[in-house]
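# pasting the sequence and the predicted model now:
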Amino acid sequence: MTRKNQTLGEFIIENQKDFPYASGELSRLINSIRLAAKMVNHEVNKAGLVDITGAIGETNVQGEDQQKLDVLANETFINTLTNREIVCGIASEENDEFITIKGQKNDHRNNYIVLMDPLDGSSNIDVNVSVGTIFSIYRRVTPAGTPVTLEDFLQPGNLQVAAGYIIYGTSTMLVYTTGNGVNGFTLNPALGTYYLSHPNMQFPEDGNIYSVNEGNYVHFPQGVKDYIKYCQEEKEDRPYTSRYIGSLVSDIHRNMIKGGVYLYPSTAKSPNGKLRLLYECNPMAFIAEQAGGKASDGFRRILDIKPTQLHERTPFVCGSKNMVDKVESFMASQES
């Protein structure tokens, strides 16, 4: 039975029966993510004390400058998952191609793949703003015993078996779902243990926070411009409060607790949006829906999009259900 201050390990064991495939493999996988997150948290907390901040002079497949902590976090998660031989494949925002995990016996016997953004919002690390890790877990679709293929990774988000994020902030939290609600666990750094601090997390149906980079306003679709003006109107329940951190994990986490909507629409410069469908939008959409919220590209459910590329991008609207509905209504009015 779920109870506050329960450890993450206890929670996983007690709720293992709710997993679609109760072999213990998924439980061990989440435990590996828990371990890697503690290691990354340790490094993030040293920022400013040792030389781990700033760019390394390289760009990733997205064309973005890689930060030192991007590389460190990516290597930490890949090594932890690989060494424990729990997954058969890994795809990361920081890598051009997916990674095939053979296993010591070279039998490709494991069933799960992981897609991840190892350090979301890393450009904020130099200024001590919260950053995070996002992960998504699927069962492979190719036969066990064979190497994974691109088909295993290009699954729609509605086939996820688990997803979550870790936020490295004033406290470090691991928030995840296996399709039976969303629960948040806070790390006690003195003991190195995560405790259930936010059971059954829920998006309020309504909110008064909108999160969008208004510096790109002139490049937004007209429907998004109209929605922003709606948020700013002087009405009985408005204007809404504008809050934008620039770290997806932090913005979604705050809005889930307080009620709000996050928008990263298409722009003239990025007509397909900027956020990655597989590494960012799908896991956040799964979490949002499990918490009573909603996620959309402005017109359709994120989790129903069939990806065609490993690093595919999409516009993204996520948050309190009624607020996402309102954004969609403004978008639809511009299409008609």
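That came through, no problem. Numbers count the residues shown, from 1 in each chain.

# packing partners of the lengthiest helix in the chain?
Of all segments of type helix in the chain, defined using DSSP state H, the longest is helix 25-44. Counting contacts by 3 or more C-beta pairs under 8 Å, 6 or more residues apart in numbering; DSSP states H and E, helix 25-44 is packed against helix 8-14, helix 68-83, strand 112-120, strand 131-139, strand 162-168, strand 172-177. (Each C-beta comes from the backbone N, C-alpha and C, glycine too.)

# show me the one of those that comes nearest residue 196.
helix 8-14 (5.8 Å; C-beta to C-beta).

# contacting residues around the residue nearest to the spatial centre of the chain?
For the chain, the residue nearest the mean C-alpha position is residue 134 (3.5 Å; C-alpha atoms, centre = their mean). With contact set as C-beta atoms under 8 Å, 6 or more residues apart in numbering, residue 134 has these partners: 116, 117, 120, 163, 164, 165, 248, 249, 279, 280, 283, 284.

# among those, who's most crowded?
Using other C-beta atoms under 10 Å as the neighbour test, those are led by residue 284, with 31 neighbours.

# just to be sure, it is in a helix?
Yes - when classified by DSSP: H, G, I helix; E, B strand; the rest coil, residue 284 is found to be part of a helix.

# quick check: it vs residue 165, distance?
7 Å (C-beta to C-beta, to the nearest Å).

# so what sits against both of these two?
Taking C-beta under 8 Å, 6+ apart as the contact rule, residue 284 and residue 165 both touch 134, 252.

# let me know the average pLDDT across the longest helix of the chain.
Mean pLDDT, helix 25-44: 90.

# distance between it and the chain's centre?
When distances are taken as C-alpha atoms, centre = their mean, to the nearest Å, helix 25-44 is centred 15 Å away from the chain's centroid.

# pull the CA atoms of it into CSV?
C-alpha atoms of helix 25-44 as CSV (Å, rounded to 0.1, in the frame of the first residue of the first chain):
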residue,chain,number,x,y,z
GLU,A,25,13.2,-6.7,-15.3
LEU,A,26,11.5,-3.4,-15.4
SER,A,27,11.9,-3.0,-11.6
ARG,A,28,15.7,-3.5,-12.0
LEU,A,29,15.7,-1.0,-14.9
ILE,A,30,14.1,1.7,-12.8
ASN,A,31,16.5,0.9,-10.0
SER,A,32,19.4,1.4,-12.5
ILE,A,33,18.0,4.8,-13.5
ARG,A,34,17.7,5.7,-9.8
LEU,A,35,21.4,4.9,-9.3
ALA,A,36,22.6,6.9,-12.4
ALA,A,37,20.5,9.8,-11.3
LYS,A,38,22.3,9.9,-7.9
MET,A,39,25.6,9.9,-9.7
VAL,A,40,24.6,12.8,-11.9
ASN,A,41,23.2,14.7,-9.0
HIS,A,42,26.5,14.4,-7.2
GLU,A,43,28.3,15.9,-10.2
VAL,A,44,25.7,18.7,-10.7
